[in-house]
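>>> Prediction below, plus the sequence it came from.
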Amino acid sequence: MKSKNKIITPLEKELLKVAEAKVLSLEKKSGSDFEELHKALKVFKEKGLPDKNLEKWRNTDLFEWYQKPFSPVAEKEKFTKEVDDIFQCTVQGFDSNVVSILNGHYYSPERTTLQSFKNGLIIGSLAKAKTQYPQYFKKYYNKIAPVDTNEITAVNTLFAEDGVFIYVPDGVEVELPVQLIKLVNKRGLMLNTHNLIVLGKNSSFTFLHCDDSINHDDSFINTLTEVHLGENASLDLYKLQNINDETVLLNSSFFSMERNSRLKVNVLTFNGGSIRNELHVNLNGEGAEADLSGLYLMDKKQHIDNQVYVNHNAPHCNSNEVFKGILDEEASAVFNGYIFVERDAQKTNAFQRNNNILMTSTAKVNTMPFLEIYADDVQCSHGATVGQLDNEAMFYLMQRGIPFEDARMLLMFAFAAEITDDIKIETLKTNIDDMVKKRLRGELSICDRCVLHCTTPDKPIEFEIDLSKI
Amino acid sequence: MEDKLSQNKVLEEVTGSDYKYGFVSDIENDAAPVGLNEDTIRLISAKKEEPEWLLEFRLKAYRHWLKLEEPDWALIHHPPINYQDIIYYSAPKKKKELASLDEVDPELLDTFNKLGIPLEEQKVLAGVAVDAVIDSVSVKTTFKDTLSKHGIIFSSFSDAVKDHPNLVKKYLASVVPYTDNYFAALNSAVFSDGSFVYIPKGVRCPIELSTYFRINAANTGQFERTLIVADDDAYVSYLEGCTAPMRDENQLHAAIVEIVVMNNAEVKYSTVQNWYPGDKEGRGGIYNFVTKRAACKGVNSKVSWTQVETGSAITWKYPSCVLMGDNSVGEFYSVAVTNNHQQADTGTKMIHLGKNTKSTIISKGISAGKSNNSYRGLVRVSKKADGARNYSQCDSLLLGDKCGAHTFPYIQTANDSAIVEHEATTSKISDEQLFYCQQRGIETEKAIGLIVNGYAKEVLNKLPMEFAVEAQKLLAITLEGSVG
């Protein structure tokens, strides 16, 4: 064991200072909360923030970001104006129940901080739910992602005070999707939030998780989401990421899946300084199914890292991963898929695929599709490609009179369509398609507005192409 | 009483094994003391009458080695190795001469027969005094004549240091520097012997060096070092190892193979590794930590690695190609079979530096028993490697539900004109295939052998003809008793 001091960078020092003060002030109070904090502090002192000496982080170097002493404490803002006034999010025809988090705190009028509906559905602030529904917290909180899982969970536990809590009781099928809009409007903050989503037996739920920036201020976002899927439950999760170039986003999601549950995750990354998505999917019950897909369109000096761990702990489970990306300018991407098949997880079907297109000679891709298999009656495969647009396809289009730029755009759009076609909500899909188009044309810059705030597409998506020629 | 019993048992084991391996343990005569320090290295160097620069090289490597930690990233588990508990130098062990084949371990003979090794060769391999030794000597000299006629240098590493110091000095550690990794540093410090091959400009080596090697009896030292240099427009095919089981006593093997390929040259390097894998309970067996690398320095150069790995308790081996010259080509074909408690973490590295470089990786892993078999490979396309092309395919076959098959590919691309593809599948032998064979009267074991051979065919085809046949049988033998 190396006794090297792991707290070196300004950010680490700042975090340690605040954390120690926090633990000290809570010393008098006892309880499980305090124990967790204590444990987290110990882990943080030992490990610090992840650096590229760690195998899992070797291709994502955040060292430069650690030079800024982001503050892990943010004042809770009084609810003075509607979220819509700060930030408009109106997807035409897309009806959703909007909740928002501003600077790491649940942002809503007092009366709707924790809503419970007739059918037993609970949506609201994690901080408030903790005191109101301790039974759920005892059972589910910090259970899939214990404090000492890794550096990130430890830091999150140290500072996270709020987040979104959603409880869907047994047998309830929630029709209206819930949309979480996470915003930051102050500079220099490190925001830690912890979300907890619990789906009871035979329930179903759709969740949109949007990370946005309002301005070009820098921030460091660290989100931890725990999701429990009960027997035969079904969850559709969409993550939309469109943050400014000055922001680091660490997004760790942990899923525990019971028998016959279904999970569909769609991660759509459009913009961001440095983004790392970790998906940890635990297929714990027979017949569980996970369908994970992602699309990333990066340019400038942006960096995207998708870490997808799928643990097949039970027999007869299926998992499918498809991640695709287009990298322009000096962007870099990392994909690390990890399928783990436990000894007795027979009859497993697990597939993973990662396709990348490099647009320039300065863009970079590191892809690591791993398989670790201990059961013999399985079908597993993985594939990864890195390449360019197909020359022959380009030729085919151009010889039919389609200009170079249009042909290129069409092919890129088709490449991305495999992921976007998978979006089940029609209005959302139309909007995303439009965004992809704009992004590929370089028109979508990060907004003073939401990812979804693209109103209606100005016109239907078309490529000024005379289709009769094809 | 009990003490005495166990003592007897130990004695029995010791004497038994002594006979089995056919070695005489006369190490006291000409051996370094146990342990590793600078004196040991000086002793090795002195015994081998090495020039000053080589001793310096060894010492530098040793001092660097002290700073390193044993790597732990591979998916292998073994008790810690005590590097101070190893004898780093002993004179080449003499095998006890046996009077006839009747004295040879019947199990060994059985394996020879299954492999179909000619009787004369069996005797040589098993260490029987063969009357026909003159015969093989004459064969050897014929080969030597042929080689020297073409100006090809093929000798032991120690001889090369004496006879061609300039060549050795120029190319030693030019591909695998002593700073490369833990085991490379160790090998650089204490390497015992190995082979040196130099093919001059424009020469196509008329024989497969393998042939020579086999009769010459493989000189598998504990810390082998092989250096192959193919000058412009040269060609050579080299086979290392032997399909016959090597009953080697050494627990730890850390070898280095370096290959330098100049303009338009081609080197084909084939390995068949069948060292002692340990018994069915996983006791004993060889730890095989090997660093193999080829540098395609010239334009249009080509390197092809073919390996059949069936032995060793632990295999840690990543034959790599550094494709520096434009249009250079690297190939890697591998079959790795693990049974019982064997562990293999093997694969390749393809580093694309030159323009229009091409690489192909075909890896077939077969796990049986309680073994673990991992493919770990890196494909890196650097910024300047325009038009680089890679195709990787690594398949795993699982026989039994106690084994593991793993795939860890790393793909790093920094060039937009590169095309990199990776594919992998993991599955077991399908019941339909087995049923098809069995209903035609083929026994289960034979059927599995048949199917496995079909699965590995792509790689076996790349081996020199005569070895391909033996390697096929070897696969079947390794998997014996894995059905159940």
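Sure thing, it's come through.
>>> For the stretch 1-150 of chain B, what lies in contact range of chain A?
B:Trp73, B:Leu75 (CB under 8 Å from any CB of the partner chain). C-beta here means a position set from N, CA and C on the backbone, and glycine is covered the same way.
>>> Which single residue in the stretch 1-150 of chain B comes nearest to chain A?
Residue of the stretch 1-150 of chain B nearest chain A, by CB to the nearest CB: B:Trp73 (6.7 Å).
>>> In three-state terms, how would that residue be classified?
coil (DSSP: H, G, I helix; E, B strand; the rest coil).
>>> neighbours around the closest residue to it other than its chain neighbours, how many?
Leaving out its chain neighbours, the residue that sits closest to B:Trp73 by CB to CB, 6 or more residues apart in numbering or on different chains is A:Glu55, at 6.7 Å. The number of residues packed around A:Glu55, counting by other CB atoms under 10 Å in any protein chain shown, is 9.
>>> B:Glu69 in helix, strand or coil?
Quick answer, by three-state DSSP: B:Glu69 is coil.
>>> So it is in contact with B:Tyr182, correct?
Yes - counting by CB atoms under 8 Å, B:Glu69 touches B:Tyr182, with 7.1 Å between them.
>>> For the two, work out which one has more neighbours and name it.
B:Tyr182 (16 against 7).
>>> for stretch A:168-188, what is the average pLDDT?
Averaged over stretch A:168-188, pLDDT sits at 90.
>>> Quick check: end-to-end length of it?
This stretch, stretch A:168-188, spans 35 Å end to end (CA to CA, to the nearest Å).
>>> Give the buried residues for that stretch.
A:168-169, A:172, A:174, A:177-184, A:186 (16 or more other CB atoms under 10 Å in any protein chain shown).
>>> A:Phe205: helix or strand, and which one exactly?
Counting by DSSP states H and E, the element that carries A:Phe205 is strand A:204-212.
>>> List the residues that contact the residue of the stretch 151-300 of chain B found nearest chain A.
Closest residue of the stretch 151-300 of chain B to chain A, CB to the nearest CB: B:Asn181 (15.8 Å). The contact partners of B:Asn181, taken as CB atoms under 8 Å, 6 or more residues apart in numbering or on different chains, are B:Leu68, B:Pro71, B:Thr291.
>>> how about low-confidence regions in the chain?
Answering for chain A, as no chain was given. Scanning chain A for pLDDT under 70 picks out A:1-5, A:28-32, A:82-94, A:442-470.
>>> switch to chain B, that's the one I care about
Using pLDDT under 70, chain B drops low at B:1-32, B:90-143, B:210-221, B:241-250, B:466, B:481-484.
>>> A:Thr193 is in contact with A:Leu224, isn't it?
Yes - if you go by CB under 8 Å, A:Thr193 and A:Leu224 touch, sitting 7.3 Å apart.
>>> what is in contact with the two at once?
A:Ala160, A:Gly163.
>>> Note down every partner strand of the helix or strand where A:Arg276 lies and its orientation.
A:Arg276 is part of strand A:274-283, with elements assigned from DSSP H and E. If you go by DSSP bridges, strand A:274-283 pairs up with strand A:247-257 (parallel), strand A:303-312 (parallel).
>>> what about stretch B:267-282, how long is it end to end?
Terminal residues of stretch B:267-282 are spaced 36 Å apart (CA to CA).
>>> What residues sit buried inside it?
Buried-residue list, stretch B:267-282, by 16+ other CB under 10 Å: B:267-278, B:282.
>>> any chance you could map the strands in the stretch 251-400 of chain B?
B:252-261, B:266-273, B:287-296, B:302-309, B:314-317, B:320-323, B:329-338, B:343-346, B:349-352, B:358-368, B:372-381, B:389-399 (DSSP state E, counting those that start in this stretch).
>>> strands paired with the third one, and their directions?
What that stands for is strand B:287-296. strand B:252-261 (parallel), strand B:314-317 (parallel), strand B:320-323 (parallel).
>>> looking at those, which is buried most?
strand B:320-323 (a mean of 28; mean count of other CB atoms under 10 Å in any protein chain shown).
>>> Put the alpha carbons of it into PDB.
What follows is strand B:320-323, C-alpha atoms only, in PDB (Å, rounded to 0.1, in the frame of the first residue of the first chain):
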ATOM      1  CA  SER B 320       3.300  -7.400 -30.500                       C
ATOM      2  CA  CYS B 321       4.000  -5.700 -33.700                       C
ATOM      3  CA  VAL B 322       5.200  -2.100 -33.900                       C
ATOM      4  CA  LEU B 323       4.400  -1.100 -37.500                       C
END
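>>> Give me the contact list for it.
B:175, B:292-296, B:303, B:305, B:329-332, B:348-354, B:357-359, B:385, B:388.
>>> List only those of the residues you listed flagged as buried.
B:175, B:292-296, B:303, B:305, B:329-332, B:348-354, B:357-359, B:385, B:388.
>>> Now for the nearest residue to B:Val329 once chain neighbours are set aside: which residues touch it?
The shortest distance from B:Val329 to any non-neighbouring residue, by CB to CB, 6+ apart, is to B:Lys302 (4.4 Å). By CB under 8 Å, 6+ apart, B:Lys302 lies in contact with B:Val261, B:Ala265, B:Glu266, B:Val267, B:Cys296, B:Ser328, B:Val329, B:Gly330, B:Glu331.
>>> Same question for B:Ala418.
A:Leu358, A:Val386, A:Gly387, B:His352, B:Val381, B:Ala385, B:Asp386, B:Gly387, B:Ala388, B:Arg389, B:Asn390.
>>> again, only this time at 7 Å
Going by CB atoms under 7 Å, 6 or more residues apart in numbering or on different chains, B:Ala418 touches A:Val386, B:Val381, B:Ala385, B:Ala388.
>>> Can you list the strands that the helix or strand hosting A:Lys264 pairs with?
A:Lys264 belongs to strand A:262-271 when assigned by DSSP H and E. For strand A:262-271, the paired strands and their directions (DSSP bridges) are strand A:234-242 (parallel), strand A:289-298 (parallel).
>>> Remind me which helix or strand the closest residue in space to B:Val260 that isn't next to it in sequence belongs to.
Among residues not flanking B:Val260 along the chain, B:Val229 sits closest, at 4.6 Å (CB to CB, 6+ apart). Taking DSSP H and E as the criterion, B:Val229 maps to strand B:224-230.
>>> Can you dump the C-alpha atoms of whichever helix or strand comes after that strand in CSV for me?
Counting by DSSP H and E, the next helix or strand C-terminal to strand B:224-230 is strand B:235-241. What follows is strand B:235-241, C-alpha atoms only, in CSV (Å, rounded to 0.1, in the frame of the first residue of the first chain):
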residue,chain,number,x,y,z
TYR,B,235,12.7,-13.9,-45.3
VAL,B,236,12.7,-16.4,-42.5
SER,B,237,10.3,-18.7,-40.9
TYR,B,238,11.1,-19.6,-37.3
LEU,B,239,9.4,-22.1,-35.0
GLU,B,240,9.9,-21.9,-31.3
GLY,B,241,9.1,-24.7,-28.9
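>>> for strand B:235-241, packing partners?
In terms of contacts (3 or more CB pairs under 7 Å, 6 or more residues apart in numbering or on different chains; DSSP states H and E), strand B:235-241 is packed against strand B:193-199, helix B:209-215, strand B:224-230, strand B:266-273.
>>> outside of it, which residues touch it?
B:197, B:199, B:204-205, B:208-210, B:213, B:218, B:228, B:230, B:265-273, B:464, B:467.
>>> Bridge partners for the nearest residue to A:His382 once chain neighbours are set aside, pull those for me.
Using CB to CB, 6+ apart and skipping the chain neighbours, the partner closest in space to A:His382 is A:Pro369 (4.0 Å). For A:Pro369, the beta-bridge partners are A:Gly337 (DSSP bridges).
>>> A:Pro369 contacts A:Ala350, correct?
No - in this structure, A:Pro369 is not within contact of A:Ala350 by CB atoms under 7 Å, at 11.1 Å.
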